[in-house]
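Colleague: Using only what follows, build the 3D model:
(one chain, ligands or ions: 2)
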Amino acid sequence: MKQIVTGGQMKLLDSYTIEKMGIPSLVLMERAALSVCQALREEEFPLEKVLVLCGTGNNGADGVAVARMLHAAGVSVDICILGKKDHYTEEMRKQVDIAENYHISFVKNAVPVEYTTIVDAVFGVGLSREVGGVYRDTIEALNRSDAKVMAVDIPSGISADTGKVLGCAVKADVTVTFAYEKAGLLFYPGASYARKIKTADIGIYMPPQNDFELSIQSCEDKDLFRIPVRKPDGNKGTFGKIFLAAGSRDISGAAYLSACAALRTGAGMIKVHTRQENRQALTTMLPEAMYSFYDDEEIEKEQILEGLAWADVIGVGPGMGTGQQAEDILYTILAEGRKPLLIDADGLNLLAGRMEVLAQYPAPVIVTPHLGEFSRISGVSVEEWKEAPLYLTKRFAHKYHLTVVCKDSRTVISDGSEEIFINTSGNSGMATAGSGDVLSGILMGLLAQGLSAIDAASLGVYFHGAAGDMAAAQKGEYSMIAGDIITQTAEILKKRGAVL
Ligand SMILES: NC(=O)C1=CN([C@@H]2O[C@H](COP(=O)(O)OP(=O)(O)OC[C@H]3O[C@@H](n4cnc5c(N)ncnc54)[C@H](OP(=O)(O)O)[C@@H]3O)[C@@H](O)[C@H]2O)[C@@H](O)CC1
Ligand SMILES: [K+]
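Modeller: Numbering: from 1, shown residues only. Ligands and ions are numbered 1, 2, ... in the order given. You can find the predicted model right below:
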């Protein structure tokens, strides 16, 4: 698991390290600048003629230190400072004094096209408002040049908290970020502006007890090993039983993908409750599942109650439609279910405006809305969510005691506690029909094997994205389809099994 921070949190960690631990600010800065110089070499930046563009804060001071190190190594480098002298931080003043002692060239109006490499040290985590005036003109000229661009800490103009472009922003080729990745480097469009991210250890201290309102985490490949080990003496019951209400008249694809993904993730058994018309298709495509069917007459409440009593995990929604029967099934499950419950797709649309009914549910509930559905069930507009994705997801999860998987290019997962997750696996090829049904199946499969709701959700979303990345590597982002994600799920679990 990787720790991610907001801009504000990073500033607190900087101050804590300097004031409480006693490491001088200039020492941190020296390490920061060294890591940028090292990355310039590792990434083979063309260092024939380098421009370091600096702001007046400590990001600018990092830049001046980088220029000094390049100069000392014999590189031809110019420093251009945007902003007034009286705005310099103490560190910036100091770095400029040192650079002057080295007789480094300072230029007033840099022309970006004249350089082979540009180091962007205009704004870091201290960016506080829209970028305009000379800053905007210079950043736009930089983006038009052919120079290779290295961003110091974060591309200038990107919000460290949301990844939004504040007015305009530097398009970097590589970003060296200090101590921890900033949330704004993960969320889009920030992630596209940062391109390749390298995280440098500069000696920042993370106190064991901090007062952060949010502890932001991001899963990594090694977290896949937290998928439960398979007991050699286990039987079908050991690996969990799922009751899934899915599909509607002649719509069987979503039910198939979800049920298949749950079984491929390792669930012991699944029973699908669906419309009579799907019988032939589903029993042919997935004979491994069990089924109960309903028709026009009634939703077969007895069969639902039997399924709910039998199952360890309940799922509702994929391809179910929003008609009266779907609503009756959902509300039967909400009234009678006693096991962890996953609500997806149409199940969520049926809940819009009535979220309080979930408060009575006696076991953990996971909801998996995409951003549009989240907006419908929470009343938060998509634009509002983009301004504060972490806070708004957490607030909603906390209000209704849910585990929320808010699906977007960077899915956010929260159970309302201070620990919140941003997912970084996956690709645009996964924006394909049925991909969400596969995710719901994976989450049910992990719940069935005993993971808690937040572990199943955070790990399952990462797992789904990792399988999607493998599918894209094989089929390409254009051509991959949801079934390919299930195939690759199996490949990942095969490797996981082989390590045991
Ligand atoms: N010792 C440390 O703390 C360490 C810090 N480190 C580095 O410091 C960075 C953080 O430094 P920081 O806090 O000084 O903020 P920074 O990002 O330079 O920007 C603030 C400046 O920008 C200005 N400004 C803001 N928005 C603006 C706008 N839209 N348009 C115009 N101006 C705008 C703002 O001006 P003001 O608001 O005061 O007018 C202020 O002058 C961090 O990212 C890392 O690189 C590392 O070296 C490790 C050790
Ligand atoms: K920067």
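Colleague: Output the set of residues of the chain in proximity to ligand 1.
Modeller: 11, 14, 18, 25, 28-29, 32, 55-60, 62, 87, 89, 123-131, 135, 152-153, 178, 202 (C-beta under 6 Å from any ligand atom). Every residue, glycine included, has its C-beta placed from N, CA and C.
Colleague: ok but A33 is inside a strand, no?
Modeller: No - assignment of A33 by DSSP: H, G, I helix; E, B strand; the rest coil gives helix, placing it outside any strand.
Colleague: does it really touch V66, like I thought?
Modeller: Yes - taking contacts as C-beta atoms under 8 Å, A33 lies within contact range of V66: 4.7 Å.
Colleague: Between the two, which is the more surrounded one?
Modeller: Taking other C-beta atoms under 10 Å, A33 and V66 do not tie; V66 has more neighbours (29 against 26).
Colleague: The more buried one and ligand 2, how far apart?
Modeller: Per C-beta to the ion, to the nearest Å, V66 is found 11 Å from ligand 2.
Colleague: State the next helix or strand along the chain beyond the host helix or strand of that residue.
Modeller: Element membership of V66, judged by DSSP states H and E, is helix 58-72. Of the helices and strands lying after helix 58-72 in sequence (DSSP H and E), the nearest is strand 77-81.
Colleague: Run through the neighbouring helices and strands of the following helix or strand past that following strand.
Modeller: On the C-terminal side of strand 77-81, the nearest following helix or strand under DSSP H and E is helix 90-101. Under the contact criterion of 3 or more C-beta pairs under 8 Å, 6 or more residues apart in numbering; DSSP states H and E, helix 90-101 touches helix 25-42, helix 58-72.
Colleague: quick one, which of those helices is packed in tightest?
Modeller: helix 58-72 (a mean of 25; mean count of other C-beta atoms under 10 Å).
Colleague: how about the helices and strands packed on helix 90-101, which one is nearest R264?
Modeller: helix 25-42 (39.3 Å; C-beta to C-beta).
Colleague: Could you export the closest one as CSV, CA atoms only?
Modeller: What follows is helix 25-42 as a C-alpha-only set of coordinates in CSV (Å, rounded to 0.1, in the frame of the first residue of the first chain):
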residue,chain,number,x,y,z
SER,A,25,14.9,23.1,5.5
LEU,A,26,17.9,23.6,3.2
VAL,A,27,19.0,20.0,3.9
LEU,A,28,15.7,18.7,2.6
MET,A,29,16.0,21.0,-0.3
GLU,A,30,19.5,19.9,-1.2
ARG,A,31,18.2,16.3,-1.3
ALA,A,32,15.2,17.3,-3.4
ALA,A,33,17.5,19.1,-5.9
LEU,A,34,19.9,16.1,-6.0
SER,A,35,17.0,13.8,-6.8
VAL,A,36,15.9,16.0,-9.7
CYS,A,37,19.5,16.0,-11.1
GLN,A,38,19.7,12.3,-10.7
ALA,A,39,16.4,11.8,-12.6
LEU,A,40,17.6,14.1,-15.4
ARG,A,41,20.5,11.8,-16.0
GLU,A,42,18.5,8.5,-15.5
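Colleague: I'd like to check what contacts that helix. Which residues are they?
Modeller: For helix 25-42, contacts defined as C-beta atoms under 8 Å, 6 or more residues apart in numbering pick out 14, 17-18, 47, 58, 61-62, 65-66, 68-70, 73, 91, 94-95, 117, 119, 150, 152-153, 174, 176, 178, 198, 200-204.
Colleague: quick one on the thing from earlier: and the helices and strands packed on helix 90-101 as CSV, adding mean pLDDT and distance to R376?
Modeller: As requested, these are exported to CSV (pLDDT from 0 to 100; distance: least, C-beta to C-beta, whole Å):
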stretch, mean pLDDT, distance to R376
helix 25-42, 98, 44
helix 58-72, 98, 40
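Colleague: In CSV, list those along with distance to S417.
Modeller: Shown next, in CSV, are the helices and strands packed on helix 90-101 (distance: least, C-beta to C-beta, whole Å):
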stretch, distance to S417
helix 25-42, 31
helix 58-72, 32
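Colleague: right, and these - which one's nearest G429?
Modeller: Of all the helices and strands packed on helix 90-101, helix 25-42 comes closest under C-beta to C-beta, at 29.5 Å.
Colleague: Next, the angle helix 25-42 makes with the helix or strand just after the closest one.
Modeller: Where DSSP H and E defines the elements, the next helix or strand beyond helix 25-42 is strand 50-54. If you take axes from the mean of the first three to the mean of the last three C-alpha atoms, to 10 degrees, strand 50-54 sits at 140 degrees to helix 25-42.
Colleague: roughly how far is strand 50-54 from the heart of the chain?
Modeller: Computed by C-alpha atoms, centre = their mean, to the nearest Å, the chain-centroid distance of strand 50-54 equals 31 Å.
Colleague: between that strand and helix 58-72, how many degrees?
Modeller: Using the same axes, to 10 degrees: strand 50-54 against helix 58-72 is 160 degrees.
Colleague: Taking their axis directions, strand 50-54 and helix 90-101 sit at what angle?
Modeller: Going by the same axes, to 10 degrees, strand 50-54 makes 150 degrees with helix 90-101.
Colleague: so where's this protein shaky on pLDDT?
Modeller: 498-500 (pLDDT under 70).
Colleague: Longest helix of it, counting residues only.
Modeller: helix 453-475 (DSSP state H).
Colleague: what packs against the following helix or strand past that helix?
Modeller: Sequence order places helix 482-499 as the next helix or strand after helix 453-475, per DSSP H and E. Applying 3+ C-beta pairs under 8 Å, 6+ apart, one finds that helix 482-499 contacts helix 253-264, helix 435-448, helix 453-475.
Colleague: Between helix 435-448 and the first one, find me the angle.
Modeller: In this structure, helix 253-264 runs at an angle of 40 degrees to helix 435-448, with the same axes, to 10 degrees as the basis.
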